[in-house]
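Asker: I need the structure of the sequence given here:
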Amino acid sequence: MTQLDISYPEDLCIPIDPTSGDPELWAAATADGFGEATGLDPDGVSRVRAALTGLMRLAEPSSRLLLVVAPEARFLAPLRITVSDDALSRDEQAAYLWSTDAILPPTAELLETPGLGAGITVALLQKQGDIQFATRRWLFPGENGAVGALLGPVQPYGLAVVQPTADAVIEQLHVEGFIPAADRTDLERWEAAAGRSGESWTA
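Answerer: Numbering: from 1, shown residues only. Okay, here's the model as predicted:
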């Protein structure tokens, strides 16, 4: 994968990067170390350990995965950051920003970071079966690739708690060789389309 530099607050984020050996031992040791460093109580450490154990199965070489931990481990949410070496088509951008299980139109906001230039962030309320959850997505469609990030799933009322940490991570992201998009037409189109209702996001 293209070189991706990530800075994160160590008292609020844990990178999912297990070493060789028993992954459950890694999860336990990592959770214990995090708890000791942050003063987290045993119940919180147990929740962090369980989350790390589950997320290890989702780690893959093509992306970077962090566990965002709210104070006292009240909420836990994965943050996946992915870099594409190819520019995304409009359909691919829409597929990344929208989910068919969303139950409300997305809320979207344009943004700009020092390393990635112009992008868009979208919050979705989703439902699978009887379970409702929230996600937030970021997309920076560059001239020679794209950078995306997905926060969640997390309880809908927990998104606002974990999002500031994810925002700080995204703000500091740097991708070697990435050229930010000069044309904001597609980004503005997605922002305008976010106000529409329906089962898909098209523009």
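
Asker: what about the residue lying closest to residue 13 once chain neighbours are set aside, distance to residue 127?
Answerer: Spatial nearest neighbour of residue 13, excluding adjacent residues (Cβ to Cβ, 6 or more residues apart in numbering): residue 66 at 4.9 Å. Any C-beta I mention is one placed from the backbone N, CA and C, and that applies to glycine too. According to Cβ to Cβ, to the nearest Å, residue 66 and residue 127 sit 25 Å apart.

Asker: same question for residue 77.
Answerer: 17 Å.

Asker: show me which of these two is the more surrounded one.
Answerer: Using other Cβ atoms under 10 Å as the criterion, residue 77 and residue 127 rank with residue 77 on top: 27 against 13.

Asker: hang on, the residue nearest to residue 13 in a strand?
Answerer: Yes: checked against DSSP: H, G, I helix; E, B strand; the rest coil, residue 66 lies within a strand.

Asker: mind listing the strands for this protein?
Answerer: Taking DSSP state E to define them, one finds strands in the chain at 4-5, 13-15, 63-69, 76-84, 107-113, 117-128, 131-141, 146-154, 174-175.

Asker: on contacts alone, who are the packing partners of the fourth one?
Answerer: The elements that strand 76-84 packs onto, with contact taken as 3 or more Cβ pairs under 8 Å, 6 or more residues apart in numbering; DSSP states H and E, are helix 42-55, strand 63-69, strand 146-154, helix 159-171.

Asker: could I get these as JSON lines with mean pLDDT, mean neighbour count and distance to residue 193?
Answerer: Supplementary listing: these in JSON lines, determined by pLDDT from 0 to 100; neighbours: other Cβ atoms under 10 Å; distance: least, Cβ to Cβ, whole Å:
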{"stretch": "helix 42-55", "mean pLDDT": "96", "mean neighbour count": "17", "distance to residue 193": "32"}
{"stretch": "strand 63-69", "mean pLDDT": "96", "mean neighbour count": "22", "distance to residue 193": "26"}
{"stretch": "strand 146-154", "mean pLDDT": "97", "mean neighbour count": "23", "distance to residue 193": "18"}
{"stretch": "helix 159-171", "mean pLDDT": "97", "mean neighbour count": "19", "distance to residue 193": "21"}
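
Asker: which parts of the lowest-mean-pLDDT helix or strand in the chain are buried?
Answerer: Ranked by mean pLDDT, DSSP states H and E, the weakest helix or strand in the chain is helix 185-193, scoring a mean of 86. Using 16 or more other Cβ atoms under 10 Å as the test for burial, helix 185-193 gives 186, 187, 189, 190, 191, 193.

Asker: and stretch 91-103, by the same measure?
Answerer: 92, 93, 94, 96, 97, 98, 99, 102.

Asker: just the pLDDT for the fourth one.
Answerer: You'll see residue 96 listed with a pLDDT of 92.

Asker: contacts only, for it.
Answerer: Applying Cβ atoms under 8 Å, 6 or more residues apart in numbering, one finds that residue 96 lies in contact with 88, 137, 139, 148.

Asker: also the fifth one?
Answerer: Contact analysis of residue 97 by Cβ under 8 Å, 6+ apart lists 106, 108, 120, 122, 137, 139, 190, 201.
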